[in-house]
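In: sequence first, predicted coordinates after that:
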Amino acid sequence: MRLSLILSTFLLFLSTSCFFSQTISFDLGIDGLTCSQCSKSVEMQLKKLDFVKTVEMDLANTRALIRINETSILSPDAIAKAARNAGFSVRYLKLLTSAEMKPCLIIAGFDGAINLQNNVTNITDKKVYTICFLGNSFQSKKELKARKEKLINNCPENTGKVYFAKVE
Amino acid sequence: MKIFILIIVIVLLTPLVNNAQELFPYSEPASSVPKNVIGLRYIQHTFNEASQVRNLFALRVMYGLTSRLSIMATPNVSNHHGRNFPDNLATHVHEGNQTIFSTGDTKTNNDYIYKFNGVNFYTKYRFLSNDGKNQHFRMALYAQGTILNTAHTEAEPNLMDDNSGYGGGIITTYLKNKFAVSFTGGYIVPMDKNGFVNDPDGSGPVPTRIKYGRAFEYNLSFGYLIWPRVYKSYNQTNWNIYMEFLGKSYSAAQITQYGFVNVPIATPLLQSGNYIDIVPGIQTIIKSNLRIELSARLPFYRKSYAFFYPLYALGVQWYFF
């Protein structure tokens, strides 16, 4: 099974798009970090977000493991913005979630929610899977450029603000 | 001097496996203050002028207005100058390690009282960020302005505590693992200073205006993380070493009296000049926030007449997240 199988692309007209937090955590890779003081700046910016419960910084690998409050509404954009506010760039943003948690995706402009599991195939044997957000806000330009053509071809609509997601 | 060059070579050749430091004691990096974060920085500069100890005390307040735009204000106190010009303004020279063989009067051991000089305002906008894992290349534009009430007596302008004026420039910073390098190029436009000089014939104070030299600044800064070898926790105390080269080229000063009489300049202190100083420094960062650094400014190519060597600098900084 290919971990990097692209299963779905989601169009989000984001003024208020968000996730319910039946999820586990976010894994945030940060580019440009060069010192422990810089890491602390990112951590403190992340901790200002309402839905963030704890932040663990991996100083050696310049990434943050963000645990969230389970009853909160989540915003991937806010996480990316927090990293930028600290003065750094997002290398990647992944949502680490459990298949048992039945996460649902709320899309602004749509009625109801999309159950990710209905769109996910070939993962029924997995207990935990990762949703990797792809887009200008969530990846380095270099990586995005490499994926862009493939992603656009898979996107049902490419107007407005778009989240691309892949399940790993 | 060779030892400093050797240190730089060693730094360049050392395997690059960890994070770098760009928190230079003197030069601002292209990176910005985190958004909505306030920082405080205590600055002290100390040197001996003959037997007189000269001090500058400053408190810099920093704020991240946006993720790219930082603003700073630095009020400062020093005993470098008086409020008015010395009577031998156009002829004075310095003693100590700046001894100039001149027939002019010597300004020695003027016991200036400590006084509030004014405030330096500084803003920096990071317009380019090319970030990678454990590295970045960034560029920023900066502008600064200073409002002071002090009677600086040399041609060389300095917008921290010597001159009112304004300036700006560009900063380019590159970091790769443990090594950081930054170049700052800027321009300083000092404002004229009006005051009085007592006429030698005893006829009373003479209205006097001094037009200070305009200056180009060019600073090249290197930084290197020496400890820890690998980051594991915020509680690890960081140790960094720095080597900065601070250069300046400035034009000559002009002194006029009664609004039209050009006073002959009889001292090199008021003539044009250029120099490059070298500033080795060491820094520790405690709990990933409290930053303490010591440095010594030494002449590398010619010298400044605006202060005496070595100029010791202490910096203590804290961010309020």
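Out: Arrived safely. Residues are numbered from 1 along each chain as shown, chains lettered A, B, ... in the order given.

In: strands of the stretch 151-300 of chain B, start to end?
Out: Here the stretch 151-300 of chain B has its strands, by DSSP state E, counting those that start in this stretch, at B:165-176, B:179-190, B:193-198, B:205-211, B:215-227, B:238-250, B:254-257, B:261-262, B:273-286, B:290-301.

In: out of those, which gets nearest to chain A?
Out: Among these, the nearest to chain A by Cβ to the nearest Cβ is strand B:165-176 (4.7 Å). Heads up, the C-betas are built off the backbone N, CA and C, glycines and all.

In: does anything pack onto that closest one? Which helices or strands?
Out: Helices and strands touching strand B:165-176, by 3 or more Cβ pairs under 8 Å, 6 or more residues apart in numbering or on different chains; DSSP states H and E, are strand B:135-148, strand B:179-190.

In: the longest one pairs with which strands, parallel or anti?
Out: Taking DSSP bridges as the criterion, strand B:135-148 forms sheet pairs with strand B:115-132 (antiparallel), strand B:165-176 (antiparallel).

In: now the last one: buried residues?
Out: In this case it means strand B:165-176. If you call a residue buried by 16 or more other Cβ atoms under 10 Å in any protein chain shown, then strand B:165-176 has these buried ones: B:165, B:166, B:167, B:168, B:169, B:171, B:172, B:173, B:174, B:175, B:176.

In: quick one, that strand and strand B:215-227 angle?
Out: Per axes from the mean of the first three to the mean of the last three Cα atoms, to 10 degrees, the angle that strand B:165-176 makes with strand B:215-227 is 30 degrees.

In: test my guess that residue B:278 contacts residue B:247.
Out: No. Residue B:278 sits out of contact with residue B:247 when judged by Cβ atoms under 8 Å, with a separation of 10.1 Å.

In: count of neighbours near residue B:309?
Out: 17 (other Cβ atoms under 10 Å in any protein chain shown).

In: what sits against the nearest residue to residue B:304 once chain neighbours are set aside?
Out: Nearest residue to residue B:304 in three dimensions, chain neighbours excluded: residue B:275, at 5.4 Å (Cβ to Cβ, 6 or more residues apart in numbering or on different chains). Residue B:275 makes contact with B:247, B:248, B:299, B:300, B:301, B:302, B:303, B:304 under the criterion Cβ atoms under 8 Å, 6 or more residues apart in numbering or on different chains.

In: only the buried subset of those residues, as a PyMOL command please.
Out: Paste this into PyMOL to select the buried members of the contacts of residue B:275, with burial taken from 16+ other Cβ under 10 Å:
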select buried, chain B and resi 247+248+300+303+304
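
In: using a markdown table, lay out the contacts of residue B:275 together with pLDDT.
Out: Shown next, in a markdown table, are the contacts of residue B:275 (pLDDT from 0 to 100):
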| residue | pLDDT |
| --- | --- |
| B:247 | 97 |
| B:248 | 97 |
| B:299 | 95 |
| B:300 | 96 |
| B:301 | 95 |
| B:302 | 93 |
| B:303 | 91 |
| B:304 | 92 |
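
In: dump the contacts of residue B:275 to CSV, plus distance to residue B:74.
Out: What follows is these, written out as CSV (distance: Cβ to Cβ, whole Å):
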residue, distance to residue B:74
B:247, 22
B:248, 19
B:299, 25
B:300, 25
B:301, 28
B:302, 27
B:303, 25
B:304, 20
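
In: residue B:175 contacts residue B:24, correct?
Out: No. Counting by Cβ under 8 Å, residue B:175 stays clear of residue B:24, with 11.7 Å between them.

In: can you tell me the closest non-neighbouring residue to residue B:157?
Out: residue B:190 (3.8 Å).

In: do you know the pLDDT at that neighbour?
Out: Note for residue B:190: predicted pLDDT of 97.

In: look up the residues forming beta bridges with the residue in chain B that chain A sits nearest to.
Out: For chain B and chain A, the shortest gap (Cβ to the nearest Cβ) falls at residue B:131, measuring 3.2 Å. Beta-bridge pairing of residue B:131 under DSSP bridges involves residue B:136.

In: how many residues are close by it?
Out: Residue B:131 has 22 nearby residues by other Cβ under 10 Å.

In: for it, give its distance to residue A:34.
Out: Plainly put, residue B:131 is 10 Å away from residue A:34 if you go by Cβ to Cβ, to the nearest Å.

In: got the residues of the stretch 151-300 of chain B near chain A?
Out: Within the stretch 151-300 of chain B, the positions lying close to chain A (Cβ under 8 Å from any Cβ of the partner chain) are B:175, B:180, B:225, B:230-234, B:236, B:238, B:285, B:288-289, B:291.

In: the bottom helix or strand of the chain by mean pLDDT?
Out: Unless you meant another one, I'm taking chain A. In chain A, the helix or strand scored least confidently by mean pLDDT, DSSP states H and E is strand A:113-115, which has a mean of 35.

In: hmm, I had chain B in mind actually
Out: Lowest-scoring helix/strand for chain B, mean pLDDT, DSSP H and E: helix B:2-13, at a mean of 48.

In: pLDDT wise, what is whichever residue of chain A sits closest to chain B at?
Out: With Cβ to the nearest Cβ, the shortest gap between chain A and chain B falls at residue A:32, namely 3.2 Å. With respect to pLDDT, residue A:32 has a value of 89.

In: ok, back up a step: which stretch in the strands of the stretch 151-300 of chain B has the least confidence?
Out: Note on the strands of the stretch 151-300 of chain B: strand B:261-262 shows the lowest mean pLDDT, a mean of 79.

In: picking up where we left off before, how close does the residue of chain A closest to chain B get to residue A:94?
Out: Residue A:32 sits 19 Å away from residue A:94, going by Cβ to Cβ.

In: check contacts around the spatially closest residue to residue B:182 that is not a sequence neighbour.
Out: Nearest residue to residue B:182, sequence neighbours excluded (Cβ to Cβ, 6+ apart): residue B:173, at 4.1 Å. Residues near residue B:173 by Cβ under 8 Å, 6+ apart: B:22, B:29-31, B:136-140, B:180-183.

In: in a markdown table: those, plus neighbour count.
Out: Formatted as a markdown table, the contacts of residue B:173 follow (neighbours: other Cβ atoms under 10 Å in any protein chain shown):
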| residue | neighbour count |
| --- | --- |
| B:22 | 26 |
| B:29 | 25 |
| B:30 | 27 |
| B:31 | 26 |
| B:136 | 27 |
| B:137 | 16 |
| B:138 | 24 |
| B:139 | 17 |
| B:140 | 26 |
| B:180 | 28 |
| B:181 | 21 |
| B:182 | 24 |
| B:183 | 17 |
